[in-house]
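K.L.:
sequence? don't have it. structure:
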């Protein structure tokens, strides 16, 4: 059964850190580029970061550059998003996406709330 499952969200204080995880199964994980997106209430879903299938290439949204790091482990079929220096504007539901050409698989998301 094909699955993309996010975990690691929660409530964190401003300036804090969280690491999100995304597990892929039911497809050849190492063939897929992986991305993290986020969606805040009333806003469109937006890409946060992407990583190539072999992990050698990464892209970040300007708003998270220098604070977030995307990584992957193709042995464990996992992708991660390390988030540092979090601020309230980072509050959103975070989604993981696997993509290969026109094929996309989305997870159900994990909520991140940054608040004191």
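P.N.:
Here it is on my side, so go on. Every value quoted in this text rests on a predicted model; they were computed, and no experiment measured them.
K.L.:
Which positions within the host helix or strand of residue 23 qualify as buried?
P.N.:
Residue 23 is part of strand 18-25 when elements are defined by DSSP states H and E. Residues 18, 20-24 are the ones in strand 18-25 that count as buried (16 or more other CB atoms under 10 Å). Backbone N, C-alpha and C define where each C-beta goes, glycine included.
K.L.:
Neighbouring strands - and their directions - for the helix or strand following that strand?
P.N.:
Downstream of strand 18-25, the next assigned helix or strand under DSSP H and E is strand 33-39. Taking DSSP bridges as the criterion, strand 33-39 pairs within the sheet with strand 46-51 (antiparallel), strand 92-100 (antiparallel).
K.L.:
among these, which is nearest residue 4?
P.N.:
Of all these, it is strand 92-100 that lies closest to residue 4, at 5.4 Å by CB to CB.
K.L.:
So which elements touch the strand holding residue 23?
P.N.:
strand 3-7, strand 33-39, strand 78-83, strand 92-100, strand 110-114 (3 or more CB pairs under 8 Å, 6 or more residues apart in numbering; DSSP states H and E).
K.L.:
before we move on, back to that, make a markdown table out of the buried residues of strand 18-25 and add distance to residue 10 and pLDDT.
P.N.:
A markdown table is the format used below for those (distance: CB to CB, whole Å; pLDDT from 0 to 100):
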| residue | distance to residue 10 | pLDDT |
| --- | --- | --- |
| 18 | 7 | 98 |
| 20 | 10 | 98 |
| 21 | 12 | 98 |
| 22 | 15 | 98 |
| 23 | 17 | 98 |
| 24 | 22 | 97 |
